[in-house]
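1. Predicted coordinates and the sequence they were generated for:
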Amino acid sequence: MSITHYDPLSTSLRMFEDAVSHLMSEPRSARPWSPAVDIFETDNEIVLRADLPDVDLSDIDVRIENQTLTLKGERKFEKTEGNKGFHRIERSFGSFVRSFAVPATLETEKVSAEFKNGVLTIRLPIKEAAKPKQVKVEVKA
């Protein structure tokens, strides 16, 4: 009878490698997707830009409720008649929801949005009272 050395670290490492390999080989369409969003601030507004390629404008819903901006939508999988079959599908499809906290310093009644070339741009104006003001103070000698 031979004696075998048991290495728990080796077993754990092998299990981790198997899990990562399985995750990478899994089709992306099986995983939920979420559009990339950039948020930046100018002097007058906060701007959100969301990448929504192949999403129809009618499938996008933008709402502000209880100081939360919610972006919902769906990218639908379009199977055309002429296709004999897919060799690979890497783009994700399905519904998505993104939510962002909206500070009270924004005028939520004056929000605007534009959808152009697959990019949704949402503009949230900053209230005048919340904008920084510079006051010149004269010093007398």
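-> All right, it came through fine. Everything quoted here is computed from the prediction, not taken from an experiment. Numbering: from 1, shown residues only.
2. Alpha carbons of stretch 45-56, in PDB - could you do that?
-> Extracted as PDB, the C-alpha positions of stretch 45-56 are listed here (Å, rounded to 0.1, in the frame of the first residue of the first chain):
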ATOM      1  CA  GLU A  45     -25.800  70.200 -14.300                       C
ATOM      2  CA  ILE A  46     -25.100  66.500 -13.600                       C
ATOM      3  CA  VAL A  47     -25.000  64.400 -16.700                       C
ATOM      4  CA  LEU A  48     -25.500  60.700 -17.100                       C
ATOM      5  CA  ARG A  49     -24.600  58.900 -20.300                       C
ATOM      6  CA  ALA A  50     -25.700  55.300 -20.800                       C
ATOM      7  CA  ASP A  51     -24.500  53.100 -23.700                       C
ATOM      8  CA  LEU A  52     -27.600  51.400 -25.100                       C
ATOM      9  CA  PRO A  53     -26.700  49.900 -28.500                       C
ATOM     10  CA  ASP A  54     -29.500  48.100 -30.300                       C
ATOM     11  CA  VAL A  55     -32.100  49.300 -27.700                       C
ATOM     12  CA  ASP A  56     -35.200  50.900 -29.200                       C
END
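3. Not counting its neighbours along the chain, what's nearest residue 33?
-> Leaving aside its chain neighbours, residue 33 sits nearest to residue 92 (3.2 Å; criterion: CB to CB, 6 or more residues apart in numbering). (Glycine included, C-beta is placed from N, CA and C.)
4. Helix, strand, or coil at the one you found?
-> Three-state call for residue 92 (DSSP: H, G, I helix; E, B strand; the rest coil): coil.
5. number of nearby residues for it?
-> Using other CB atoms under 10 Å, residue 92 is surrounded by 17 other residues.
6. ok, it touching residue 35?
-> No. In this structure, residue 92 is not within contact of residue 35 by CB atoms under 8 Å, at 9.8 Å.
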